[in-house]
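# Fold the following.
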Amino acid sequence: MNYKQLFLGISILIVICIQSIPVFAKAQTEQKKPTIVMAYQSANGIANSDTILLEAIFAGITDQIQLMSVQQVTSEIIKDTDVMVFVGEDRGKLPTEFLKAVNKFNGHLIVFGKNAEQLPRFEKWGFMGVQSLRTLDGEPLSKLTNIEYVKPPMGSDVLVEGTNLDAKYPVIVKDGNTSFIAKSNFMSNDNYILSRELFNILDLSAPLNHMAYIRLEDISPISDPKLVKEIGEYLAEKEIPFYMAIIPVYVNSETGEQVQLEDKKELVKVLRYLQKLGGMVIAHGYTHTYRDAETGEGFEFWDSINNQKISSINAEEEPKKLRKRADFTTEKAFQQYIESIDVIEKQYIEDKVKSSVEKLTELQLYPISFEAPHYAMSSEGYKAIAKQFSSIFGQIQLSDDTWKRMGSPLMISKPALLKDMTLYPETIGFIDPSLSDPLKTIEENIKKVQQVPGSVIGGFYHPYLGMEYLPEMVRLMEAVPNIEWLDLRKTNQTVRSNKIMIQQKENGELKVVSHIKWTDKVKQRMVENPFEMVLWILAIIVALFVIAFFIYVVSLRTKLRKRLFEERNFNG
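Next up is the predicted model:
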């Protein structure tokens, strides 16, 4: 045997294998994202909040997803689609055209909730009616949850099941290229379960890394600059990119007094310094309040007292309760009324956000993303924001009827609701010092979120807490395997108003174009503090009179001296 040739052959084989590893890894990370059409069946033809959240969850898997009613689905629309998702919100007969289209569809079909028995692929499934669960995926539920009880064909894979007493019921089932999920509401902890199982359902390679971020929340003109600086420097020293959610104007709820960030020179200096250290600015509204609430406590883009969208441009006016469909004789009249409210809401939000962006930019604090106060905003509000920002932080409001229907996908995504804005979700909450163990909730949430491949470990921290809890919060986050800190300085972001353009490039370059004039600043100040401006005007008028009087006195003295000089010369 020629050992030299054998050794050479083995060496070449090893080299080839080593060189192929990066190629294989790259292929794994660059796997084809599936194209998805998600169709919903609802009584009113409008997607409910459960479906909107489901679409957002799927948007974390792929950016190639269309949301539509079953009435819109045709064979032509779904012929080249990889995955067809059907959400049965309400019971009812499915359209004939939809049934024909699904019958011809050869890709993966995923069905949520009701009406699956009408689809040809489910002929061999047994539908046994509604059943209640006490546990899901081995975890007890806070209240009974109803599901569609099915008996899948032999050989199916039951990925998730629930129980009621001693009985077990399938909840997520996969049978080849057909999957069934026995419910459509994933607002609570079952969001983790569905997000985790999507990779198994769609046969996708699970991402290895978890993006993470810490947001310094509610920085306003009354924030302590020393605490803000201490916290920012700590994160910078640990080489952790961090975000500063800044409110430019503080409003005292008792007196109505406004405190401007520009008047807090020391705080502005600290924020500019932290921005240079790597802190990134998020525009967190303009005053973070609506009507009589205090900044940081009140909502700004949602009327929380009436639990409705903004209905008056002047927040000092007493908003009226929005009228319902029953108050109108025709659907057309009702829609015209809603459209008139939408115009008001849009104008209000655009004005507020424009003021926020321009105020921050004037102070050389350059926002590259947005966060809605308390995450509350209607779908029309998101449309308005999307014209000014390319991304948004936090959770999303899923209903135009109440802010309490709120949720978030666990992965970075572009939900249809956000009109092409990228969502960086808040998933682990915040430190609540009123709890006996403020860090326990954070720790529990991290454990749940990290079970989902590719999920974001995102939370926020209030600077008024100082350094008491931050190091431990950072330690808990860094304990997550394969964590990677989110750095928007390495992404493309755009923020715009009619006088501002901010572009963050993925190469780290930040480009700012401002067309703000000094007259614009004066006008804005007059709108915000008319009484202060009246005082300034009076002060200027008085100053002008004083100056005029001084000039007059000097002129008289000059003339008097000149006359005396002339008389002296005359008398010789």
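
# As a check, name the ranges of all helices in the stretch 451-572 of the chain.
Ranges of helices in the stretch 451-572 of the chain, per DSSP state H, counting those that start in this stretch, are 470-478, 518-528, 530-571.

# ok, of the ones you listed, where does mean pLDDT dip lowest?
For the helices of the stretch 451-572 of the chain, mean pLDDT drops lowest on helix 518-528, to a mean of 52.

# give me the beta-bridge partners of Met501?
Judged by DSSP bridges, the bridge partners of Met501 are Arg496, Val513.

# quick one: it and Asn314, what's the gap?
Separation of Met501 from Asn314 (Cβ to Cβ, to the nearest Å): 29 Å. Quick note: C-beta positions are derived from backbone N, CA and C, even for glycine.

# Compare the two (neighbour count), which wins?
Between Met501 and Asn314, Met501 has the larger neighbour count (other Cβ atoms under 10 Å), namely 15 against 7.

# Now do the more buried one against Glu468, distance only.
Separation of Met501 from Glu468 (Cβ to Cβ): 40 Å.

# what's the answer for Ile412, then?
Distance from Ile412 to Glu468, by Cβ to Cβ: 30 Å.

# out of the two, which sits in the busier spot?
Ile412 (18 against 10).

# The more buried one touches Pro425, doesn't it?
Yes. Using Cβ atoms under 8 Å, Ile412 is in contact with Pro425, at 7.2 Å.

# overlap in contacts of these two?
By the contact definition Cβ atoms under 8 Å, 6 or more residues apart in numbering, Ile412 and Pro425 are jointly contacted by Val456.

# quick one, what contacts Leu67?
By Cβ under 8 Å, 6+ apart, Leu67 lies in contact with Met38, Tyr40, Ala47, Thr51, Glu55, Ala416.

# measure the last one to Ile57 for me?
Taking Cβ to Cβ as the measure, Ala416 and Ile57 are separated by 12 Å.

# Pull up the per-residue confidence for Val15.
For Val15, the predicted pLDDT is 47.

# got any ranges where the chain has weak pLDDT?
1-31, 292-296, 315, 517-539, 560-572 (pLDDT under 70).

# Any figure for the gap between Arg496 and His288?
Distance, Arg496 to His288, by Cβ to Cβ: 22 Å.

# Would you mind telling me which of these two has the busier surroundings?
Using other Cβ under 10 Å as the criterion, Arg496 and His288 rank with His288 on top: 29 against 16.

# distance of that one from Leu119?
For His288, the distance to Leu119 - Cβ to Cβ - is 48 Å.

# Lys354 too?
Taking Cβ to Cβ, one finds Lys354 at 48 Å from Leu119.

# The two: who's more crowded?
Leu119 (21 against 18).

# Chain neighbours aside, what residue packs nearest to the more buried one?
Take Leu119 and drop its neighbours on the chain: the residue closest to it by Cβ to Cβ, 6 or more residues apart in numbering is Val102, 5.8 Å away.

# Can you name the residues that contact that neighbour?
Val73, Ile78, Met84, Phe86, Leu109, Leu119, Pro120, Arg121.

# Also Glu257?
So Glu257 contacts Val251 (Cβ under 8 Å, 6+ apart).

# repeat that for 6 Å
The neighbourhood of Glu257, defined by Cβ atoms under 6 Å, 6 or more residues apart in numbering, contains no residues.

# Any chance of the backbone angles for it?
phi -60, psi 140 (degrees, to the nearest 10).

# how far away is it from Glu444?
In terms of Cβ to Cβ, Glu257 sits 40 Å off from Glu444.

# Then Ser132?
As judged by Cβ to Cβ, Ser132 and Glu444 stand 26 Å apart.

# next one: Ile412
Here Ile412 is placed at a distance of 22 Å from Glu444 (Cβ to Cβ).

# Which elements pack onto the longest strand along the chain?
In the chain, taking DSSP state E as the definition, the longest strand is strand 139-151. Judged by 3 or more Cβ pairs under 6 Å, 6 or more residues apart in numbering; DSSP states H and E, strand 139-151 is in contact with strand 126-136.

# In the sheet, which strands lie alongside the strand it packs on, parallel or antiparallel?
Strand 126-136 pairs in its sheet with strand 139-151 (antiparallel), strand 157-164 (antiparallel), by DSSP bridges.

# Out of the ones you listed, which is the most enclosed?
Ranked by mean neighbour count under mean count of other Cβ atoms under 10 Å, the strands paired with strand 126-136 are led by strand 157-164, which reaches a mean of 17.

# Would you tell me what the next helix or strand after that one is?
Per DSSP states H and E, strand 157-164 leads on to strand 167-175 as the next helix or strand towards the C-terminus.

# Off-centre distance for that following strand?
Relative to the centre of its chain, strand 167-175 is centred 33 Å away, using Cα atoms, centre = their mean, to the nearest Å.

# buried stuff in that strand?
Neighbour-count burial for strand 167-175 flags Tyr169, Pro170, Val171, Ile172, Val173, Lys174, Asp175 (criterion: 16 or more other Cβ atoms under 10 Å).

# can you redo those as TSV with distance to Ile219?
Output for the buried residues of strand 167-175, formatted as TSV (distance: Cβ to Cβ, whole Å):
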residue	distance to Ile219
Tyr169	48
Pro170	48
Val171	43
Ile172	42
Val173	48
Lys174	47
Asp175	52
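
# Looking at the residues you listed, spot the one nearest Lys320.
Lys320 lies nearest to Val171 out of those, by Cβ to Cβ, at 44.3 Å.

# Spit out the contact partners of that closest one.
With contact taken as Cβ under 6 Å, 6+ apart, Val171 is in contact with Val160, Glu161, Gly162, Ala182.

# how about those residues in a markdown table, adding distance to Gln347?
Compiled in a markdown table, the contacts of Val171 are given as follows (distance: Cβ to Cβ, whole Å):
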| residue | distance to Gln347 |
| --- | --- |
| Val160 | 46 |
| Glu161 | 51 |
| Gly162 | 47 |
| Ala182 | 44 |
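
# Out of the residues you listed, which comes closest to Lys264?
Lowest distance from Lys264 to the contacts of Val171 (Cβ to Cβ) belongs to Val160, with 52.0 Å.

# In contact with Lys559: list those residues for me.
Contacts of Lys559 (Cβ under 6 Å, 6+ apart): none.

# how far away is it from Val553?
In this view, Lys559 and Val553 are 11 Å apart by Cβ to Cβ.

# all helices of this structure, in order?
Taking DSSP state H as the criterion, the chain carries its helices at 3-29, 49-59, 75-78, 96-104, 190-201, 225-237, 265-277, 331-362, 379-386, 438-449, 470-478, 518-528, 530-571.

# If you rank the contacts of Leu67 by neighbours, which is first?
Scoring these on neighbours with other Cβ under 10 Å, the highest-scoring entry is Tyr40 at 27 neighbours.

# Specify the beta-bridge partners of that one.
Under the criterion used (DSSP bridges), Tyr40 bridges to Ser69, Val87.

# OK, contacts around it?
Ala47, Thr51, Val87, Glu89.

# What is the nearest of those to Phe334?
Ala47 (19.2 Å).

# What residue, apart from its backbone neighbours, is nearest the closest one spatially?
Tyr40 (5.1 Å).

# Name the residues that touch stretch 424-432?
Applying Cβ under 6 Å, 6+ apart, the contact partners of stretch 424-432 are 393-395, 408-410, 438, 441-442, 445-446, 449, 456, 458-460, 469.

# Let me fix that, I meant to ask about stretch 345-362.
Counting by Cβ under 6 Å, 6+ apart, 248, 283, 286, 301, 309-310, 313, 367, 380-381, 384, 388, 497, 500, 514, 516 sit against stretch 345-362.
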